[in-house]
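1. what would the 3D arrangement of this be:
(3 chains)
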Amino acid sequence: MIELQLFPALAGEVTPIVVAFVLGILFGTQLQGKISKRMIGLIIGLSIIAAVLFEAPIFTWSLLAGFISEHISISVAFVAATIGMFVGKAFRGGRE
Amino acid sequence: MIELNLQFLSFMAAAVLVVIGLGGMLFLDNLIKKIIAFTLLSDGVNLALVTLGYVEGGIVSILEPGTSGAAFPTNAVLIFGPGIVLTNIVIGVSTTAVLVAVTMVLYQRYGTLKASKVLKGERK
Amino acid sequence: MESKALKGSRGIIAVIALMIIFVGVSTSLLQLNGNVARGISPEYNALAPYEAPNNLASWVYDYRGFDTLIETGVIYVGALVSVLAIGRGIVRTKGVAEEAPVAQSSMDFHVSSLNVILKYFGIPVIILIVAYSLLVLTGAATSGGGGFQCGVIFSSAFLLGMIFYGKKNPLNLSKKFLIGIGGFGWALYALLGLPGYLVTGYWQYNVGADLWSSGLISGVSGMSAVVPDIMRQIFGDPFRILLVLSDGTYASTAGIVPLINIGEAFNVIGAIGLIFLVFAYGYTDEEGKSK
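-> Predicted structure coming up:
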């Protein structure tokens, strides 16, 4: 087993997170209506819980990609997509 | 004597689905029911295709930590069937959408969903 | 045939015919029971440790990627035909409009009857479903998932918003956006074949993974070092991961497969979203309002 490491061994573990964030921004621009700050906090909290449940993709070995130990890992791409959607909504300014 | 394994049962289920779908498409009068029967027929074909890839005691065709790369080709299920099915599902979706759209047009035109009345051309 | 006609002798004949068909189908299928030739599949399974761990992604987008490209167009054709049949297409303008069709009642959903809890529940669920679809998309090469699945999950979020909120859908995808994203997706998929064509002469050749010319496969030596290193690094290295298996460690890369997956997902989102939109509201609705 590969030991825990902070930085990715190879780029394939980080690229999905970046892709999820960028696509989240793209689809976030299509959101409309108002979302309060409490709701944003709630959704990000829920997404972190969900990310723990989903776990990191197999064959990720770095902390940056969410690998903590063999049984506990976080799917960072999911959280990145959620945050990206709010970034995209703020970018577009919440069109009516 | 045929062995009662998973592949046998899957093939039988696929045959049952195909025959139910075929019977529904032939003998039911309602157009929506015909479409549902069509999806059942499609599911039966998909199940038969997936079952073709069955390997006795096989593993899923995704590499996981702990599997052996050298023994993977002989252990993993045959990849051909699921690959075709993935396409077949998409084609089934688009076909169903077209069928439903045409059914909506027929309903607007004839005011009925009965295939027998649509064929006779009875206007509402 | 009406349902009454199935009673009596006709019904018996129908049942007998179906039973004969069942016997024929089941016996022909059971010929295959335990008797399937392995064919080409083990060869592709053997390549899996050098490419994507999800072997199905490699199979669909690499080994028969050109085939999948054409089949991807089928779903867009389905969306197009739905638009033509329901919306302002040839059918309604020429056939029905003059002959007093059955009045089409407003197909907007009854938003006011929804519970207030459901309305508050909707926005988080829609955002989380969209995030989940992006997770499925990005995990396409490493685990179960892919472009088709991402598109379907995303469209389910769109449909959920449509049912919960009607026209005030938080995920407000316009027709322009859907058509644009679908066309962009298909163009992305098709154009990703260009580097492979320029270098090797094969459209959709996986220049990133480059299994056939890199010496990974024994017995294939005709194409040695066709793909330049720079192109291999551009397409391969961003998706390179370390496969730690029980009998060794493989530095594998999926090459252009994850990028193709993105194009595929865009295409499916465009097509299925357009189908949902057209079935719910019709095509001409918005345009009439803007005029």
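
2. and residue 18, what element?
-> Using chain A here. helix A:15-28 (DSSP states H and E).

3. that's the wrong chain, I meant chain C
-> Using DSSP H and E, residue C:18 falls in helix C:9-30.

4. quick one, what contacts the closest residue to chain A within chain B?
-> Nearest residue of chain B to chain A, counting by CB to the nearest CB: residue B:64, 5.8 Å away. Using the backbone N, CA and C atoms, a C-beta is placed for each residue, glycine as well. By CB atoms under 8 Å, 6 or more residues apart in numbering or on different chains, the contact set of residue B:64 is A:58, C:53.

5. show the pLDDT at it.
-> The pLDDT attached to residue B:64 in the predicted structure is 84.

6. three-state assignment of it?
-> Three-state call for residue B:64 (DSSP: H, G, I helix; E, B strand; the rest coil): coil.

7. and it, how far is that from residue B:76?
-> 11 Å (CB to CB, to the nearest Å).

8. number of residues surrounding whichever residue of chain A sits closest to chain B?
-> Residue nearest to chain B within chain A (CB to the nearest CB): residue A:58, separated by 5.8 Å. Neighbour count of residue A:58, defined by other CB atoms under 10 Å in any protein chain shown: 18.

9. who in chain B is up against chain A?
-> Along chain B, the residues adjacent to chain A under the rule CB under 8 Å from any CB of the partner chain are B:63-65.

10. repeat that with 10 Å
-> Residues of chain B lying close to chain A by CB under 10 Å from any CB of the partner chain are B:62-65.

11. burial measure for residue C:194, as a count.
-> By other CB under 10 Å, neighbour count at residue C:194 equals 12.

12. ignore what I typed, I meant residue C:24.
-> Residues near residue C:24, counting by other CB under 10 Å: 12.

13. and the pLDDT at it?
-> For residue C:24, the model assigns a pLDDT of 93.

14. that one against residue B:19, yeah?
-> Yes: contact criterion CB atoms under 10 Å: residue C:24 and residue B:19 qualify, at 9.4 Å.

15. before we move on, the earlier item: which elements pack onto the helix holding residue C:18?
-> Applying 3 or more CB pairs under 10 Å, 6 or more residues apart in numbering or on different chains; DSSP states H and E, one finds that helix C:9-30 contacts helix B:6-27, helix B:31-52.

16. what do you get if the cut-off is 8 Å, keeping everything else the same?
-> If contacts are counted by 3 or more CB pairs under 8 Å, 6 or more residues apart in numbering or on different chains; DSSP states H and E, helix C:9-30 sits against helix B:6-27.

17. can whatever helix or strand residue B:92 lives in be said to contact chain C?
-> Under the criterion of DSSP H and E, residue B:92 resides in helix B:80-110. Yes: against chain C, helix B:80-110 shows contacts by CB under 8 Å from any CB at B:80, B:82-83, B:86-87, B:89-91, B:93-95, B:97-98, B:100-102, B:104-105, B:107-109.

18. quick one, helices of the chain?
-> With no chain named, the answer covers chain A. Assigned by DSSP state H, chain A shows helices spanning A:15-28, A:37-54, A:76-92.

19. should've been chain C
-> For chain C, applying DSSP H gives helices covering C:9-30, C:41-47, C:55-58, C:65-86, C:90, C:116-138, C:147-165, C:175-191, C:193-200, C:229-236, C:257-281, C:285-290.

20. am I right that residue C:52 is in contact with residue C:254?
-> Yes: Residue C:52 is within contact range of residue C:254, at 3.9 Å (criterion: CB atoms under 8 Å).

21. any shared contact partners between these two?
-> C:58, C:141.

22. contacting residues around residue C:133?
-> Neighbouring residues of residue C:133 by CB under 8 Å, 6+ apart: C:149-151, C:153-154, C:157, C:265.

23. hmm, I was thinking of residue C:256
-> Neighbour list for residue C:256: C:61, C:192, C:195-196, C:206-209, C:235 [criterion: CB under 8 Å, 6+ apart].

24. buried residues in the helix holding residue B:92?
-> Residues B:80-88, B:90, B:92-110 are the ones in helix B:80-110 that count as buried (16 or more other CB atoms under 10 Å in any protein chain shown).

25. look up the closest residue to residue C:227, ignoring the ones flanking it.
-> With sequence-adjacent residues excluded and distances taken as CB to CB, 6 or more residues apart in numbering or on different chains, residue C:227 is closest to residue C:210, at 4.8 Å.

26. need phi/psi at the one you found.
-> phi 50, psi 60 (degrees, to the nearest 10).

27. now it: how far from residue B:48?
-> From residue C:210 across to residue B:48, the span is 36 Å (CB to CB).

28. more neighbours, the two?
-> Using other CB under 10 Å as the criterion, residue C:210 and residue B:48 rank with residue C:210 on top: 27 against 21.

29. who touches that one in this structure?
-> If you count contacts by CB under 8 Å, 6+ apart, residue C:210 has them with C:227, C:232, C:236, C:255.

30. assess the claim that the third one and residue C:214 are in contact.
-> It stands for residue C:236. No: shown here, residue C:236 and residue C:214 do not form a contact pair, counting by CB under 8 Å, at 9.8 Å.

31. quick one: name the residues of chain A near chain C.
-> Proximity of chain A to chain C (CB under 8 Å from any CB) is limited to residues A:1-2, A:9-13, A:15-17, A:19-20, A:23-24, A:27, A:30-33, A:35, A:39, A:42-43, A:46-47, A:50, A:54, A:57-61, A:75, A:77-78, A:81-82, A:85.

32. narrow those to just the buried residues.
-> With burial judged by 16+ other CB under 10 Å, the buried subset of the residues of chain A next to chain C is A:9-10, A:12-13, A:15-17, A:19-20, A:23-24, A:27, A:30-32, A:35, A:43, A:46-47, A:50, A:54, A:57-61, A:75, A:77-78, A:81-82, A:85.
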